[in-house]
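Participant: A predicted structure for the sequence below; I have some questions about it.
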Amino acid sequence: MDGRAEVERVAREHGMTAPSFLDITGAWSSSVGVKLDPTFVLLDREGRVAYRYAGKLTEGSEAVTKITELLEKM
């Protein structure tokens, strides 16, 4: 499965409705300090990094709880 299809599958599977971004060249990822794959980066309305998590997101994890809390505040 190509990267884009995988991002779309995960978004669908987890009911994610926010826009997703696939950084094919890695340039944007490098600019915000992403060093591991997979990494989840949540941006605020101004495009600043509000939260970064390296590793696979799992339902009920502390990271998912934090992301949910941040999204509710946005």
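Facilitator: Thanks, I have it.
Participant: CA atoms only for the lowest-mean-pLDDT helix or strand in the chain, dumped as PDB, please.
Facilitator: Using mean pLDDT, DSSP states H and E, helix 3-13 stands out as the lowest-scoring helix or strand of the chain, at a mean of 79. Provided in PDB are the C-alpha atoms of helix 3-13 (Å, rounded to 0.1, in the frame of the first residue of the first chain):
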ATOM      1  CA  GLY A   3       1.800   6.100   1.700                       C
ATOM      2  CA  ARG A   4      -1.100   8.200   0.600                       C
ATOM      3  CA  ALA A   5      -3.500   5.200   0.700                       C
ATOM      4  CA  GLU A   6      -2.200   4.300   4.200                       C
ATOM      5  CA  VAL A   7      -2.800   7.800   5.500                       C
ATOM      6  CA  GLU A   8      -6.400   7.800   4.000                       C
ATOM      7  CA  ARG A   9      -7.000   4.300   5.500                       C
ATOM      8  CA  VAL A  10      -5.900   5.300   9.000                       C
ATOM      9  CA  ALA A  11      -7.900   8.500   8.900                       C
ATOM     10  CA  ARG A  12     -11.100   6.600   7.800                       C
ATOM     11  CA  GLU A  13     -10.500   3.900  10.400                       C
END
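Participant: check which helix or strand covers residue 67.
Facilitator: Assigning secondary structure by DSSP states H and E places residue 67 in helix 62-73.
Participant: endpoints of stretch 38-56, how far apart?
Facilitator: Terminal residues of stretch 38-56 lie 6 Å apart, using Cα to Cα, to the nearest Å.
Participant: list the contacts of residue 23.
Facilitator: 29, 34 (Cβ atoms under 8 Å, 6 or more residues apart in numbering). For the C-beta atoms, the positions are set from N, CA and C on the backbone; glycine is no exception.
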